[in-house]
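*Asks:* Here's a sequence, model it:
(chains A and B)
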Amino acid sequence: ILNVEQSPQSLHVQEGDSTNFTCSFPSSNFYALHWYRWETAKSPEALFVMTLNGDEKKKGRISATLNTKEGYSYLYIKGSQPEDSATYLCASHNAGNMLTFGGGTRLMVKP
Amino acid sequence: GEEVAQTPKHLVRGEGQKAKLYCAPIKGHSYVFWYQQVLKNEFKFLISFQNENVFDETGMPKERFSAKCLPNSPCSLEIQATKLEDSAVYFCASSPRGLGNEQFFGPGTRLTVL
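*Replies:* So this is what the prediction gives:
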């Protein structure tokens, strides 16, 4: 069983603050790291799929980096807005044909 | 369709009854994945399909859970003789080309076993 860990579990920030959180995953037999944004009672929405060490991806105010050698990825949100409030899930694809999800980071942005 | 559709939205079953959940993947997507979300955010992988073939079933509790993806039909996940601990939200996701690509999730089916 793989261990994919996310920290912190939850985070409260003020509107306009920039923030970041971490996903750690096994570095052995690594294939891909996924990030999803999930609002309760809705479908998780894909943000990024990253495969290469050193990769950095960006979508609007959200960006992510990947370090496959040490097994971690950071997700950054610049200038948080209340609509960014959601749970951010990462999932790792290592050997085998499945994704292993972390427990998520719940972000709450106060206006 | 352009979205993953899951039915029903909610399902309530007495312990020991059968439950059947359906998922229609996005048209043209070859891969279908089923996840069980029990605790707050924990998504547990159950099974995946490549077209109608099982791709990976390492997460499936084999005794009571079964799943199918038949041509020209929605995929299904069936639980025989449900137990209280089967209460969860079951998410289906589809992907065009497997695990190197993003997965598109459905809205989930909430199963409550009483």
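*Asks:* Which residues does the lowest-mean-pLDDT helix or strand in chain A contact?
*Replies:* Across the helices and strands of chain A, mean confidence by mean pLDDT, DSSP states H and E is lowest for strand A:99-101: a mean of 91. With CB atoms under 8 Å, 6 or more residues apart in numbering or on different chains as the test, strand A:99-101 has contacts from A:1-4, A:25, A:34, A:89-94, B:33, B:35, B:41-45, B:99, B:103. Backbone N, C-alpha and C define where each C-beta goes, glycine included.
*Asks:* what lines up beside it in the sheet?
*Replies:* Paired neighbours of strand A:99-101 in the sheet (DSSP bridges): strand A:86-93 (antiparallel).
*Asks:* Identify all contacting residues around the partner strand.
*Replies:* A:2, A:4, A:6, A:21, A:23, A:25-26, A:30-40, A:44, A:47, A:73, A:75, A:99-102, A:104-107, B:41, B:43, B:99-100.
*Asks:* Turn the buried ones among these into a named PyMOL selection, would you?
*Replies:* Here is the PyMOL command that selects the buried residues among the contacts of strand A:86-93 (16 or more other CB atoms under 10 Å in any protein chain shown):
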select buried, (chain A and resi 2+4+6+21+23+25+30+31+32+33+34+35+36+37+38+44+47+73+75+99+100+101+102+104+105+106+107) or (chain B and resi 41+43+99)
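*Asks:* mind listing which of the contacts of strand A:86-93 are in strands?
*Replies:* Per DSSP state E, strands hold the following members of these: A:6, A:21, A:23, A:32-38, A:47, A:73, A:75, A:99-101, A:105-107, B:43.
*Asks:* where does chain B come near chain A, residue by residue?
*Replies:* Contacts of chain B with chain A, taken as CB under 8 Å from any CB of the partner chain, map to B:4, B:33, B:35, B:40-45, B:48, B:55-56, B:58-59, B:91, B:93, B:98-108.
*Asks:* Just the buried subset of these, please.
*Replies:* Among these, the ones that count as buried by 16+ other CB under 10 Å are B:4, B:33, B:35, B:41, B:43, B:45, B:48, B:55-56, B:59, B:91, B:93, B:98-99, B:102-108.
*Asks:* What is the burial count for A:Glu45?
*Replies:* Using other CB atoms under 10 Å in any protein chain shown, A:Glu45 has 14 other residues around it.
*Asks:* what residue is smack in the middle of chain B?
*Replies:* Centroid-nearest residue in chain B: B:Trp34, 3.5 Å away (criterion: CA atoms, centre = their mean).
*Asks:* Contacts only, for that residue.
*Replies:* Residues near B:Trp34 by CB under 8 Å, 6+ apart: B:Cys23, B:Phe45, B:Leu46, B:Ile47, B:Ser48, B:Ala67, B:Cys75, B:Leu77, B:Tyr90, B:Phe91, B:Cys92.
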